[in-house]
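**Q** next input, structure requested:
(chains A, B and C, ligands or ions: 1)
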Amino acid sequence: MSNSVHVYDARADHATVNAQSPLAYSFQRSGMPAPGEEGRAVVGERAFLGHLILRGGAIVLDEALREVLGIGLPGRPNSLTVDADGQRSVQWLSPDEWLLIVPGDETFGLETRLRAHLGGSHVAIVDVSAGQTLIELTGEAAHGVLMKSTVYDVDPHAFTVGKGVTTIFAKTSVILRRPDESRWELIVRRSFADYVYRWLLDAGEEYGIGVARESRHESQ
Amino acid sequence: MSQSALQPNRLAQGGQIDRTHALTFTFNGRSYTGHPGDTLASALLANGVDLVNRSFKYSRPRGIVAAGAEEPNAVVQLGATEATQVPNVRATQQALYDGLVACSTNGWPDAQRDIMRWVGKLGSPFMPPGFYYKTFMAPASMWMTYEKYIRKTAGLGRSPTQPDPDIYDHMHRHCDLLVVGAGPAGLSAALAAARAGARVILADEQEAMGGSLLDTRETLDDQPAAQWLKTTLAALVEHDNVTLLPRTTAHGYHDHHFVTLHERRTEHLGDSAPSQAGHRQSRSRLHRVRAGQVILATGAHERPLVYANNDVPGNLLAGAVSTYIRRYGVVPGQKLVLSTSNDHAYRAALDWQEAGREVAAIVDARTAPEGDLVAQAKAAGIRVITGSAVIEAKGAQRVSAARVAAIDVDAFTVTGKVETLECDTIASSGGYSPVIHLASHTGARPVWSDDIIGFVPTTVAGVTATGGAHGVYPLGEVLADGVEAGVNAATALGFAATVNDADLPRVAPRHEGPACALFQVPHEKATLRAPKQFVDLQNDVTAGAIEVATLEGFESIEHVKRYTAMGFGTDQGKLGNINGMAVAARCLGQSIPETGTTVFRPNYTPVTFGAVVGRHCRELFDPERYTPMQAWHVAQGAEFEDVGQWKRPWYYPQKRRTSEGEGLETMAEAVARECRAVREGVGILDASTLGKIDIQGADAREFLGRIYTNKWQKLAPGRVRYGLMCGDDGMVMDDGTTSCLAENHFLMTTTTGNAAPVLEWLELWHQTEWPELEVYFNSVTDHWATMTVTGPEARKLLTELTDIDLDREAFKFMDWREGHVAGVPARVFRISFTGELAFEINVQAHYAMHVWEALFAHGDKYNLTPYGTETMHVLRAEKGFIIVGQDTDGSVTPEDLGMYWAIGYDKPFPWVGKRALTRSDTRREGRKHLVGLKPKDASVVLEEGAPIVFDPKHAIPMPMAGHVTSSYYSPTLESGFALAVVKGGHQRLGESVYLPMADGRVHEAEIVGTQFVDPKGERQHV
Amino acid sequence: MFHIYCPYCEELREEEEFHPKGQAHIARPEEPDACSDEEWGDYLFFRDNPRGIHHEMWLHAVGCRKFFNITRNTVSYEILETYKMGEQPTVGAEHLAREEKTAREGKTDSVQVAEGGQQTVGASDAAQASVKGA
Ligand SMILES: [Zn+2]
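**A** Below you'll find the model as predicted:
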């Protein structure tokens, strides 16, 4: 590993440190309404995941990622690759930028191994795990909620599984993606998370939107 | 009481209303009944309400004229409560619901007894033609006088004074094909494209889809048209690639096939939106549609004829008469005279007679009308007077007779004797104008067609007008035209589609004779002496007014329009524009196309502010950005300051006891306490909002050297440096510290407000000028939370919580170290924005609250004091540290700030801003310099922004020498103090300047250096 | 509200995702210190404002964060092409002139146009001259 870049494991021990997810304050302040019986629209936070930004050339990053994680880099714009058990994903953000999401406790190890493979290549890896969070949106009315919120075409026929884009959401921006038939994922900047949460509850009200109690808070 | 007594004009049968249910509603304070399926207009006509408004300018009584969006008179104020008031609602477009309350928009005190009636009678000396034009040319003060009066008397509707109880929303839609209008053409087009597989949105503004099919006399496949309509709508519903939007008006056509639609979701259900299955629903919704192709099937508006007193209640459009009879079962009168220039309008007389009421005559301007409908009318025994027209209506509150005479259309003269026909209703038709508004919004100019006697739209690529919207009127042709448009659009979108004639319904062939071009009807008297002949009913523009305009030399139709106010307001020229142009053309002795056309602008019909705003209001008006410690700040009772979208604690008022009892500190008290804590003990600031950019790459250091004004070659890992950033114009645009994390790895901080612009700035230079540099920038602003622990006791406190060696030699000023704080991995930066010993702790935001609370748990014994942005500002200003955007304004160079130490003139690369610093303007004498100001009177806190002069005795206007940029009271100095920019300030230290205030006082202040506290900078090094 | 094809994202996106950044192909002089004050002032402050074809730089701000160029007709607002940073436009003023000529010749006499067609002036010589070498 090159020592020209400073790699730092800033993740704390969640057993001894009280970690707060980006939506913790919002759940407390705005509440967590129970989803309607039909469950037409349900939101939930998948907190404390590892979010790494990869910058560099597609070929060199693809090679390293295949080697280290066993999944390839999506080369097409606006696309998303998810690994077999759905725990790890990598998404195209721009011609030289990808978002890698993995279980939180894998983050530093992954960065270290990727750097080892990449050697002195012109790349950058940046840990942004605490700077954003992943919000899941499910239910048959999910795309109705999204139509009220984003300028992007979220018709399920147009926004197919495996697609992911950075786009406008209300008056902020999100990364919006569809990892499988039943789920939409919004990746939201931490400081905007409360606004997005309140917006989702408001926009989803007519569909009886609620919050999944069992938010998949991933433990250490 | 029988039904007919309640609703004298309601037919016993017919129409698409539900007579089994009665709905009660109130108009101008009186109660009436109607039925589901009625509009407010049809219900008013059923009840025999003739008078719905007073006209805007002349205060003349006005009745309902039309049956759709083109209605100029029946514009009402809706709402049963103050909170639910909606102005500018067309009664013709408002579905009736139980409990509806409406009143006239114009007319004060009410439409029946109007104090301005005399004005209309006297021919309005008050508002002659050109009133607006001349008034605007007059001194502005005159307009203010007129305007108040006009608004009070005419009324333009009013907005509610209480909060709207309803919610509104937006929906972003995307489709292959948007079809506007669900008449025969739109339905055919939508179905053809849907069958080909295109994603289709079909929007129609009426309560029911079907357009002209809802009241036509014609049959399709030998069945009433309603049957085909039902089948077609069912077929469209079957397609899951079709979205049907009834009650939805396409009101604006914007760039690149972006169309805004206004859907009235609950306006037909009640005063306020009812909840649905226990959930609130939006009252109306704005659809923002991006389409691949657009078909405009908006039909045509009938043109009224322009004759004397054509505004008296009882004058209606011929087509509207048919619509009221056939769709609503309402005959709006007893005895009809129809004045027409075409065959199609004959159906109004036939419908009238079939409804059991009397037709006095059909007056046809053509000398030898010969179509099938003409024959039908004659066969029905209706008197047809040819080569003639209604030249004048008689009656005041309601038509009492029609004056009919033979006319010469081309010579514009009355050629025969006048016959007076008793009647209470005059229906007129001067032909049809394609509804070209949306096509016109795209900037495409319509062209005149002599064939249809009207303007037909030209369209930009991807837009097709079909059916009546481009002048195709016979039903069979309309249906075929629609199918063709749908197929062509689908094909253009890449779908396989063909026209199959067998799919088209059979329409009984009907012969229509040619229409004649009649707009303004001649009168025995010249236009200027004849009774008023209205062209634009909503804006009270007469043919005479247009003639006056041309006499005064206004030849361009755009000027005539502005001179007369024709087509203004919510009307947008739907009924009057063509007639107005025809009058102007006649006066100018030229053809209509020579006279021009007017461009229609959005919106086609008014859109409520609620729909425009959607859910971007109240708590969701704008994003509020929070740091991870927001909950703590709120719990501590912090007052917040908006910094961009961030909410930052401004100060933390504490409880305190005074002679008046217990209360909260004032801001000044809180800030003084917070300042003292930092200077004497230890304070803590949530600085998480600072922008943070991670910079990696072999050329990161080179890049920094090019983008910052100062030098970066020698900054070693573990060290931090202050950086100043300029635009290439040499003006300061941001500052902050950048830390060297490793040889090729840096962490840049920016000001809170500039986090995004600075990242964009770095990308701009990298992507467009220096793509060869190996460097990447990524925002980590939200990833790292930052808390600044500062004050003489800061080291003692932090030592209790960290494994980092805080010894002053081991961890020097402008160093950073890594370790743990409260058990959390942390980076600590020894930098200071207060001038005191300071440690900036960065931890992952997840753990920020944990660390923050641990600091307070240990900080009690040091009286750890949270401080907000106001205290931060005071402390930094005492040290002369600038705030970019407050002490600079885009016209300040590093030299103006006296920051010569931060300018690397000898760096090898011509860094951004360098060249501009040697331009003549940046080198000139007398530029404004940043200096300190010390008021002579220590109790004075100068006003920020206050102008500075050198000579307070100078005559006004005094030459300005600069202004105050930052000013506070310093608890440390026990004095007010300020930063300011002053001409040649660096050369004027010790001199006095003066600040004349608005209240007459003049403050004197001494120009001093910018460092008020600890000028040698020793305290931050302890 | 424009619909803009991002050459990096390879699809049409809504205008709200983009920021306009002014005239394209403004190259920073290689040797600023060798520029006269006037030349430097031209580079900093002076921009074309043509009626017709205009080459503009835009940023896909809420998207891929890449700068790119657009050739746009400032009269009709039609976007004629978008291209990546470092590439050259294929559509210029002469393109529009050609199209207008075709339109004029194809015009029939059966309809009368209410007002004269648009007048178009292309990018100025200065703009052409300042186009950065590929
Ligand atoms: Zn893009």
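
**Q** tell me if I am right that residue B:926 is in a strand.
**A** No - with DSSP: H, G, I helix; E, B strand; the rest coil as the criterion, residue B:926 is located in coil rather than a strand.

**Q** how about the strands of chain C, start to end?
**A** For chain C, strands defined by DSSP state E occupy the ranges C:3-6, C:11-14, C:19-23, C:53-59, C:67-73, C:79-84, C:112-113.

**Q** so how far is the first one from its chain's centroid?
**A** Just to be clear, that refers to strand C:3-6. Mean-position distance between strand C:3-6 and its chain equals 14 Å (Cα atoms, centre = their mean, to the nearest Å).

**Q** show residues contacting it.
**A** By Cβ atoms under 8 Å, 6 or more residues apart in numbering or on different chains, the residues outside strand C:3-6 that reach it are B:255-258, B:290, C:11-15, C:17-18, C:58, C:60, C:63-64, C:66, C:68, C:70, C:79, C:82. (Each C-beta comes from the backbone N, C-alpha and C, glycine too.)

**Q** check those against chain A, which are close?
**A** The residues of the contacts of strand C:3-6 that also fall near chain A, by Cβ under 8 Å from any Cβ of the partner chain, are B:290, C:11, C:13, C:14, C:17, C:63, C:64, C:66.

**Q** of these, which are in range of the ion?
**A** C:63, C:64 (Cβ under 5 Å from the ion).

**Q** check the ones next to chain A among the contacts of strand C:3-6 for burial and list the buried ones.
**A** Buried members of these, scored by 16 or more other Cβ atoms under 10 Å in any protein chain shown, are B:290, C:13, C:14, C:17, C:63, C:64, C:66.

**Q** how about stretch A:27-36: buried residues?
**A** Applying a neighbour-count criterion of 16+ other Cβ under 10 Å, the buried positions in stretch A:27-36 are A:30, A:32, A:35, A:36.

**Q** so the last one, which of the three states?
**A** Secondary structure assignment for residue A:36 (three-state DSSP): coil.

**Q** pLDDT value on it, please?
**A** pLDDT for residue A:36: 85.

**Q** so residue B:83: helix, strand or coil?
**A** Three-state assignment for residue B:83 (three-state DSSP): helix.

**Q** hmm, it is touching residue B:159, no?
**A** No - counting by Cβ atoms under 8 Å, residue B:83 stays clear of residue B:159, with 10.9 Å between them.

**Q** more neighbours, these two?
**A** residue B:83 (15 against 10; other Cβ atoms under 10 Å in any protein chain shown).

**Q** burial count for the closest residue to chain C within chain A?
**A** Nearest residue of chain A to chain C, counting by Cβ to the nearest Cβ: residue A:94, 3.6 Å away. When neighbours are counted by other Cβ under 10 Å, residue A:94 registers 17.

**Q** and for the one 3 residues further on?
**A** Residue A:97 is surrounded by 21 other residues when neighbours are defined as other Cβ under 10 Å.

**Q** what of residue B:1009?
**A** Count around residue B:1009 with other Cβ under 10 Å applied: 13.

**Q** contact residues of chain C facing chain B?
**A** Residues of chain C found near chain B (Cβ under 8 Å from any Cβ) are C:1-3, C:14-15, C:19, C:21, C:28, C:31-33, C:35, C:37, C:40-41, C:43-45, C:57, C:59, C:61, C:65-67, C:76-77, C:79, C:85-86, C:111-115.

**Q** related to what we said a few turns ago, so which of the buried residues of stretch A:27-36 comes closest to residue B:618?
**A** residue A:30 (13.7 Å; Cβ to Cβ).

**Q** need the contact list for the residue in chain A that chain B sits nearest to.
**A** For chain A, the residue closest to chain B is residue A:131, as judged by Cβ to the nearest Cβ, at 3.3 Å. By Cβ under 8 Å, 6+ apart, residue A:131 lies in contact with A:51, A:189, A:190, B:779, B:780, B:781, B:782, B:783, B:784, B:845.

**Q** residue B:96 is in contact with residue B:18, correct?
**A** No - the criterion here is Cβ under 8 Å, and residue B:18 misses it with residue B:96 at 10.8 Å.

**Q** residues shared between the contacts of those two?
**A** Listed as contacting both residue B:18 and residue B:96 by Cβ under 8 Å, 6+ apart are B:35, B:36.

**Q** rewinding a little: who wins for neighbours among the contacts of residue A:131?
**A** Neighbour max across the contacts of residue A:131 (other Cβ under 10 Å) = residue B:845, 28 neighbours.
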